[in-house]
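A.B. asks: The following comprises the amino acid sequence and a computationally predicted model.
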Amino acid sequence: MAGSTEYRTPAEEFMRQHARLAFNVDAAATPENALVGGSCKAEGFIHRFGAPGQACGLCGGILGRFYTAETDGTKREHYGPGDVVWANPPYNPASLLYRFVETAWLTSREQGATWQMLLPPAVETRWFQNFIYDHELNRARDRVDYWFPPKRIRFIRPDGKPSSPRSGNLYVIFRPPLEAK
């Protein structure tokens, strides 16, 4: 178990965040832990009743699509206008985490996707400094929101047991630019 990067966000925590934005894409999943898309939990069907971002009429799972390590959720061509992306990316290696944050930043600005990410609270990192915080204005960058949840999130390990969190968490939302009027 040590060194695993495939920890799942608890369903209750994900649904609290889903109520805010109605995700239709999970950018960092495995087939077993996808919170959006994936196989229907009711009788082995595929989710098919409703629109992306809504709950499946059979099992209540969220309709949409997900990306795995093999399909690479950091590929910018996966995202476009109307995508509301959930990402709890692997925190290691740091280069992969940087690529996820960079993809969120770029696809929100250039391709119109909205992203919400669950990240480590590492404000000294290049990804935080380059894409989230604006030092010139001493605040979050334009169209970026971030906050620290009041309690540490106990992720679900691959064996189904809750983790013992070592640090707090950071939520970040990257929003597309406002349309010119």
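C.D. replies: Perfect, thanks for sending it.

A.B. asks: And the longest helix seen in the chain, what's buried?
C.D. replies: Ranked by residue count under DSSP state H, the longest helix found in the chain is helix 94-110. Residues of helix 94-110 classed as buried: 96-105, 107-109 (neighbour count, 16 or more other C-beta atoms under 10 Å). C-beta here means a position set from N, CA and C on the backbone, and glycine is covered the same way.

A.B. asks: so where is the chain shaky, pLDDT-wise?
C.D. replies: 1-5, 38-61, 180-181 (pLDDT under 70).

A.B. asks: farthest-separated two in the buried residues of helix 94-110?
C.D. replies: Within these, 96 and 109 form the most distant pair, 20.9 Å apart (C-beta to C-beta).

A.B. asks: For the most centrally placed residue in the chain, which non-adjacent residue is closest in space?
C.D. replies: The residue lying closest to the centre of the chain (C-alpha atoms, centre = their mean) is residue 87, at 1.4 Å. Spatial nearest neighbour of residue 87, excluding adjacent residues (C-beta to C-beta, 6 or more residues apart in numbering): residue 27 at 4.1 Å.

A.B. asks: ok, that neighbour to residue 160 distance?
C.D. replies: Remark: distance between residue 27 and residue 160 (C-beta to C-beta, to the nearest Å) = 23 Å.

A.B. asks: Counting neighbours, go ahead and name the busier of the two.
C.D. replies: residue 27 (30 against 7; other C-beta atoms under 10 Å).

A.B. asks: which ones are touching residue 65?
C.D. replies: Residues in contact with residue 65 (C-beta atoms under 8 Å, 6 or more residues apart in numbering) are 24, 25, 26, 36, 37, 52.

A.B. asks: Residue 84 and residue 115, how far apart?
C.D. replies: Distance of residue 84 to residue 115, computed by C-beta to C-beta: 8 Å.

A.B. asks: between those two, who's got more neighbours?
C.D. replies: residue 115 (27 against 19).

A.B. asks: Am I right that the more buried one is in a strand?
C.D. replies: Yes: judged by DSSP: H, G, I helix; E, B strand; the rest coil, residue 115 forms part of a strand.

A.B. asks: Not including adjacent chain positions, what is the nearest residue to it?
C.D. replies: Counting by C-beta to C-beta, 6+ apart, the nearest residue to residue 115 once its immediate chain neighbours are dropped is residue 104, at 3.9 Å.

A.B. asks: Verify the stated contact: the one you found with residue 84.
C.D. replies: No: taking contacts as C-beta atoms under 8 Å, residue 104 lies outside contact range of residue 84: 11.8 Å.

A.B. asks: Need the overlap of contacts for the two.
C.D. replies: By C-beta under 8 Å, 6+ apart, the residues touching both residue 104 and residue 84 are residue 113.
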